[in-house]
Every structure is written in C-alpha cells, then in structure tokens.
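**Student:** how does the following fold in three dimensions:
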Amino acid sequence: MIENEDYELVPNENDGWDIKLLTGDFAETIFNFGAIKVADDGETMKYSADIVYSPVDENFDENLEWHQLTGSILLSIMEQMIKNEAKTIES
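**Tutor:** The predicted model follows:
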C-alpha cells in the first residue's frame with residue numbers, strides 16, 4: 001500500500017489521524033486504528049480498525065479482504081515511521 005496513492009492520512013477532530021482509502025473496493029471509506037498490541041505469541045500484532053465513514057454497506061468485522069487491507073496499511077505506516085526515524089538519526 002502506498003500513502004497518497006492507495007490511502008491518505010487525514011486529520012480528525014481529536015488531534016489525531018484517520019485513514020481515507022483512495023482505491024479499491026473500499027474507496028472513500030475512512031477509518032482509524034484503535035488499540036495496537038503484540039499478541040501473546042510475541043510474533044503477531046492485534047489491532048482494531050474503527051470505521052468513521054463508509055459508502056460501502058459491508059460487515060467489516062467478517063470481511064477477510066478488509067482485514068488484509070487494514071493490515072497492509074498498518075504495515076505501510078509502520079515502515080514509513082521507521083524510515084523517517086532512521087533519517088532523523090542519520091541527520
């Protein structure tokens with residue numbers, strides 16, 4: 001997933017960020033990540049994705065495609081954060 005191509009970060013009313021999907025089956029859906037934690041196995045992450053708005057009439061909790069999409073976006077955001085941190089350390 002590519003920021004500003006597949007999704008974009010948009011400020012929300014709580015001084016945080018929501019994510020707006022720009023492409024795909026869930027285009028125009030806006031959501032944010034709730035709690036993010038490492039699972040008990042120490043190898044996987046658990047997170048919640050809370051829908052703010054969606055033009056799609058969907059049961060998101062049971063949709064595997066939705067879970068794969070949000071997981072890919074979370075990974076993309078985390079990778080970007082790591083790259084930005086590395087650049088800061090190098091400076």
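
**Student:** hey, let's count contacts and neighbours off CA atoms from now on
**Tutor:** Fine.

**Student:** can you show me the helices along this protein?
**Tutor:** Remark: helices assigned in the chain by DSSP state H are 64-90.

**Student:** tell me which helix or strand in it has the weakest average pLDDT.
**Tutor:** Among the helices and strands of the chain, helix 64-90 carries the lowest confidence by mean pLDDT, DSSP states H and E, at a mean of 88.

**Student:** packing partners for that helix?
**Tutor:** Here helix 64-90 touches no other helix or strand, going by 3 or more Cα pairs under 8 Å, 6 or more residues apart in numbering; DSSP states H and E.

**Student:** tell me the buried residues in it?
**Tutor:** Of all the residues in helix 64-90, those buried under the rule 16 or more other Cα atoms under 10 Å are 66-67, 70-71, 73-74, 77.

**Student:** and of these, the nearest to E5?
**Tutor:** Ranked by distance to E5 (Cα to Cα), these are led by I73 at 11.7 Å.

**Student:** which pLDDT value belongs to the closest residue to the closest one other than its chain neighbours?
**Tutor:** Once flanking residues are discounted, I73 sits nearest to M1: 5.9 Å by Cα to Cα, 6 or more residues apart in numbering. What the model reports as pLDDT for M1 is 88.

**Student:** return the distance of M1 relative to L21.
**Tutor:** Distance of M1 to L21, computed by Cα to Cα, to the nearest Å: 10 Å.

**Student:** what of I2?
**Tutor:** Separation of I2 from L21 (Cα to Cα): 11 Å.

**Student:** more neighbours, these two?
**Tutor:** Taking neighbours as other Cα atoms under 10 Å, I2 and L21 compare with L21 leading, 24 against 12.

**Student:** confidence score at the more buried one?
**Tutor:** pLDDT at L21 comes out at 98.

**Student:** bridged to it, which residues?
**Tutor:** Y7 (DSSP bridges).
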